[in-house]
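Asker: Here is my input, please return the structure:
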Amino acid sequence: MDLDIKGIEQAVSTGALPGWDRVEELVGAAYERYRPWQAGAVADYIPVLAEADPELFGVAVAEVNGDMHAAGAADAQFSIQSIAKAFVYALVCDALGHESVLERVGVNNTGLAFNSVIAIELNDGHPMNPMVNAGALATTAMIPGATPAEQWERIRSGLSRFAGRPLDLDGAVYHSEMLTNQRNKAIARLLESYGRIDIDPLEVVDVYTRQCSLRVDSRDLAVMGATLADGGVNPMTHERVVSAEVCRDTLSVLAASGMYERSGEWLFEIGIPAKSGVAGGIVAIAPGKGAIGTYSPRLDPAGNSERGKRATAYLSRTLGLNVFASDVHDQRGASA
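Answerer: Numbers count the residues shown, from 1 in each chain. Coordinates of the predicted model:
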């Protein structure tokens, strides 16, 4: 898309969250409101995920000023799963630049399931966006590193910088997924045939599976999201993780494709960029304000946490996070 805006500086204008006490109150209210919710089912296509306690539910909000609010099982650990896609994409964009990643991976929604093979064929081998498995595999293959081990360490250390603490691999999840990821191996082989992966596709799948198996909790997700909300600087450690331009690119992709084929509905109803994972996590980001991290393993048919999406919707409304919401600026014109 040629917009003739090269060299035009990006202006930024965002609002602010309510005071600390109000945010604390609303995070607790979101937890209590949806804690009794019983809809959904724990993912079982990855055997180890089926062992999750369906009653676990945690909610956290991290503000860009470093304040943290949490309720429920916010320290319960789980595998990050597809939420890693957003942060690996940010790392690749930071390392290689806007244009090269745009050309190789793309930014448009497929409108099909996250693990669709048809979507690749319909688009002449283009993975379309980094939030579906094909795009995430292509993105992982672009991580700088002379060996798969170097690529993996760059991802692990990069996501740890987003979280503000060292993240560890969940070995049980990794081994369980490696026994059941034949479809991802097929997708990687298909991408290789179209020239979208230039290295050993099975090694790419291994690194990708490892990144999905990192252990996080709701607080981690909130901090990781708040780093994207604060122009790439971790609000807890004050370390710059990626550039502000990369944050803008990542959040725009999340808005369009972060919730898979439900992304349009999510943006229409909730109004903030978000990413989910089939272990039950959701991260949702309000630029300039902060981020929400939730965990509850019962999922809807699209793979999104039932409690998590409701708590996020509640907080988006009550905290004023919806990027499309506005009010009358001049009350004198309200009756016109």
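Asker: ok, now how distant is residue 94 from residue 162?
Answerer: 11 Å (C-beta to C-beta, to the nearest Å). The way it works is simple: take the backbone N, C-alpha and C, and place the C-beta from them, glycine included.
Asker: So residue 233 sits against residue 242, correct?
Answerer: No - counting by C-beta atoms under 8 Å, residue 233 does not reach residue 242; the two are 9.2 Å apart.
Asker: ok, back up a step: between residue 94 and residue 162, which has more neighbouring residues?
Answerer: Ranked by neighbour count (other C-beta atoms under 10 Å), residue 94 and residue 162 place residue 162 first, with 28 against 21.
Asker: quick one: that one and residue 216, what's the gap?
Answerer: Note on residue 162: its distance to residue 216, by C-beta to C-beta, is 10 Å.
Asker: Who are the packing partners of the helix or strand containing residue 205?
Answerer: Using DSSP states H and E, residue 205 sits within helix 201-212. Applying 3 or more C-beta pairs under 8 Å, 6 or more residues apart in numbering; DSSP states H and E, one finds that helix 201-212 makes contact with helix 84-96, helix 133-141, helix 148-163, helix 171-178, helix 182-193.
Asker: quick one: the strands in the protein?
Answerer: Under the criterion DSSP state E, the chain carries strands at the ranges 41-42, 58-63, 68-72, 78-79, 215-216, 274-276, 281-286, 290-295, 298-299.
Asker: Using CSV, lay out those strands together with mean neighbour count.
Answerer: Below are the strands of the chain laid out as CSV (neighbours: other C-beta atoms under 10 Å):
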stretch, mean neighbour count
strand 41-42, 15
strand 58-63, 29
strand 68-72, 22
strand 78-79, 26
strand 215-216, 22
strand 274-276, 30
strand 281-286, 30
strand 290-295, 30
strand 298-299, 22
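Asker: could those strands be laid out in JSON lines, adding mean pLDDT and distance to residue 238?
Answerer: Putting these into JSON lines (pLDDT from 0 to 100; distance: least, C-beta to C-beta, whole Å) gives the following:
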{"stretch": "strand 41-42", "mean pLDDT": "96", "distance to residue 238": "37"}
{"stretch": "strand 58-63", "mean pLDDT": "98", "distance to residue 238": "13"}
{"stretch": "strand 68-72", "mean pLDDT": "98", "distance to residue 238": "15"}
{"stretch": "strand 78-79", "mean pLDDT": "98", "distance to residue 238": "27"}
{"stretch": "strand 215-216", "mean pLDDT": "98", "distance to residue 238": "20"}
{"stretch": "strand 274-276", "mean pLDDT": "96", "distance to residue 238": "24"}
{"stretch": "strand 281-286", "mean pLDDT": "98", "distance to residue 238": "18"}
{"stretch": "strand 290-295", "mean pLDDT": "98", "distance to residue 238": "15"}
{"stretch": "strand 298-299", "mean pLDDT": "96", "distance to residue 238": "35"}
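Asker: coming back round to it: okay, the helices and strands packed on helix 201-212, which one's buried deepest?
Answerer: Of all the helices and strands packed on helix 201-212, helix 133-141 carries the top mean neighbour count, a mean of 28, counting by mean count of other C-beta atoms under 10 Å.
Asker: for that one, the distance to its chain's centre please.
Answerer: The chain centre lies 14 Å from the centre of helix 133-141; the measure is C-alpha atoms, centre = their mean, to the nearest Å.
Asker: now stretch 180-199
Answerer: Offset of stretch 180-199 from its chain centre (C-alpha atoms, centre = their mean): 22 Å.
Asker: Just the endpoints, please. Distance across that stretch?
Answerer: Terminal residues of stretch 180-199 lie 22 Å apart, using C-alpha to C-alpha, to the nearest Å.
Asker: related to what we said a few turns ago, CSV please, covering the helices and strands packed on helix 201-212 and showing distance to residue 264 and mean pLDDT.
Answerer: Converted to CSV, these look like this (distance: least, C-beta to C-beta, whole Å; pLDDT from 0 to 100):
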stretch, distance to residue 264, mean pLDDT
helix 84-96, 18, 95
helix 133-141, 18, 90
helix 148-163, 27, 98
helix 171-178, 29, 96
helix 182-193, 24, 89
